[in-house]
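J.: Sequence first, then the predicted structure:
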Amino acid sequence: MKISVISPVYNAANVLDKLVSRIENSITSLTNDYEIILINDASLDNSWNCIIDICKRNKKVVGVNLSRNFGQHYAITAGLDMSKGDWVVVMDCDLQDVPEEIPKLYEKAIQGYDAVLAQRIDRKDGIFKKFSSYLFYKILGFLSGYKQDNSVANFGVYSRNLIDSINSMREPIRFFPTLVHWVGFKKIKVPVQHNSSVESKSNYGFRNSLKLAFDVIISNSQKPLRITVIAGFTISVISFIVALIYFLQAYFYGFKVSGFASLIISIWFLSGIIIATLGIVGIYVGKTFEYVKNRPIYIIKDKIND
């Protein structure tokens with residue numbers, strides 16, 4: 001099979017027919033050998049029934065229904081595992097990713113690239129989402145040690161070699177852009193049109209976005225641990241210097257150290273540092289525990305046309 005198109009679905013019943021129609025119109029200009037994989041991430045609306053109807057009418061559409069809401073990047077993983085194409089397109093279902101841009105991305109890919117990343121030059125998102133995305137990628141880039149681009153998300157065309165490499169990585173924390181970055185291969189960014197999301201509501205509120213950001217940072221960087229070690233060492237050095245100054249003043253000048261308030265403040269400060277450090281270490285231990293349990297990344301409840 002030449003091309004697989006993967007789209008995770010959440011609460012998008014009102015847009016799925018339009019999504020599939022526009023994908024097909026774009027793909028058929030390239031090839032008739034394709035599949036469209038729609039992964040329902042336990043939507044709360046009628047999305048799965050819509051996918052069933054589409055699959056009955058169109059055998060090129062594969063429907064996957066997850067047993068619960070695992071999250072967008074886990075749904076993408078399910079689609080990647082099922083894909084058979086030599087080239088794989090990953091895109092969101094809300095039509096912010098424009099299906100008509102697929103041919104441009106594909107034509108660039110066959111020039112010798114394993115990943116052609118859709119670059120959203122003019123993002124049609126709200127100010128808060130733009131700022132939080134910018135901040136997240138800046139922090140992730142600082143902590144992970146490699147540059148991140150908040151104008152690039154999931155949308156792109158990827159070679160089978162790259163997808164197979166990602167599929168071989170079965171760690172429980174999934175974030176597709178960082179996996180694409182980590183595996184390497186030859187990549188290029190191509191500017192694309194980006195639309196406003198008006199057809200479906202995003203599953204990523206502030207709480208879910210914060211949890212995703214925290215998980216991705218912890219799974220891709222040990223720098224928080226290094227920072228706490230440096231902070232602890234720095235505080236120890238400062239404390240030693242201050243204690244030495246007080247000792248010398250008391251020894252040579254008879255300076256009386258009155259310090260109940262300063263002592264309490266120091267105890268609170270150091271206790272806060274210790275608790276924070278233990279918390280960070282505990283999070284890493286907890287994530288390691290999740291990994292060694294070896295649970296499946298996702299569970300499929302139903303499949304159609306597979």
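T.: Yes, it's here. Everything numeric here is computed off the predicted structure, so don't read it as measured data. Numbers count the residues shown, from 1 in each chain.
J.: Ser151 and Ala118 touch, don't they?
T.: No. Between Ser151 and Ala118 there is no contact under Cβ atoms under 8 Å: 9.1 Å. Heads up, the C-betas are built off the backbone N, CA and C, glycines and all.
J.: Overlap of the contact sets of those two?
T.: The contact sets of Ser151 and Ala118 overlap at Lys189 (Cβ atoms under 8 Å, 6 or more residues apart in numbering).
J.: Which residue of these two possesses the greater neighbour count?
T.: Ala118 (26 against 18; other Cβ atoms under 10 Å).
J.: Against Tyr106, how distant is the more buried one?
T.: 11 Å (Cβ to Cβ, to the nearest Å).
J.: how about the strands in the chain?
T.: 3-9, 34-40, 61-66, 87-90, 115-120, 152-159, 187-192, 300-304 (DSSP state E).
J.: closest to Gly282 out of those?
T.: Closest approach to Gly282 among those (Cβ to Cβ): strand 61-66, 29.5 Å.
J.: Show residues contacting that closest one.
T.: Contact with strand 61-66 is made by 20, 35-42, 48, 51-52, 54-55, 74-75, 78-79, 82, 298-306, as judged by Cβ under 8 Å, 6+ apart.
J.: The same query, at a cut-off of 7 Å, please.
T.: Contacts to strand 61-66, defined as Cβ atoms under 7 Å, 6 or more residues apart in numbering, come from residues 20, 35-42, 48, 51-52, 54-55, 75, 78, 82, 298-306.
J.: count of neighbours near Asn32?
T.: 9.
J.: quick one, which of the strands of the chain is nearest to Leu244?
T.: Leu244 lies closest to strand 152-159 among those, at 51.5 Å (Cβ to Cβ).
J.: Given the closest one, what are its sheet partners and their directions?
T.: strand 87-90 (antiparallel), strand 115-120 (antiparallel) (DSSP bridges).
J.: would you list those strands in JSON lines and tack on distance to Arg68 and mean pLDDT?
T.: Output for the strands paired with strand 152-159, formatted as JSON lines (distance: least, Cβ to Cβ, whole Å; pLDDT from 0 to 100):
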{"stretch": "strand 87-90", "distance to Arg68": "22", "mean pLDDT": "94"}
{"stretch": "strand 115-120", "distance to Arg68": "29", "mean pLDDT": "88"}
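J.: most packed of those?
T.: strand 87-90 (a mean of 27; mean count of other Cβ atoms under 10 Å).
J.: how about the helices in the stretch 1-150 of the chain?
T.: 16-27, 47-57, 72-82, 102-109, 127-144 (DSSP state H, counting those that start in this stretch).
J.: Outline the domain layout of this structure.
T.: Residue ranges for the domains of the chain, per automatic domain parsing: 3-218+296-304, 223-292.
J.: need the least confident one among the ones you listed, by mean pLDDT.
T.: Among the domains of the chain, domain 223-292 carries the lowest mean pLDDT, at a mean of 69.
J.: which residue is nearest the middle of the protein?
T.: Phe175 (3.1 Å; Cα atoms, centre = their mean).
J.: close enough to count as contact, that one and His73?
T.: Yes. Using Cβ atoms under 7 Å, Phe175 makes contact with His73 at a distance of 5.4 Å.
J.: Tell me, how many residues neighbour Met252?
T.: Actually, residue 252 is Phe rather than Met. Neighbours around Phe252, by other Cβ under 10 Å: 8.
J.: What's the separation between it and Asp86?
T.: 80 Å.
J.: Repeat that for Asn195.
T.: Where Asp86 is concerned, Asn195 sits at a distance of 28 Å (Cβ to Cβ).
J.: go on, Lys60?
T.: Distance from Lys60 to Asp86, by Cβ to Cβ: 16 Å.
J.: Also Asn40?
T.: 25 Å.
J.: got it, and Arg174?
T.: For Arg174, the distance to Asp86 - Cβ to Cβ - is 23 Å.
J.: With Val237 instead?
T.: Val237 is 58 Å from Asp86, by Cβ to Cβ.
J.: What of Val281?
T.: Applying Cβ to Cβ, the value for Val281 to Asp86 is 44 Å.
J.: Please name the nearest non-neighbouring residue to Asn161.
T.: With sequence-adjacent residues excluded and distances taken as Cβ to Cβ, 6 or more residues apart in numbering, Asn161 is closest to Asp114, at 6.1 Å.
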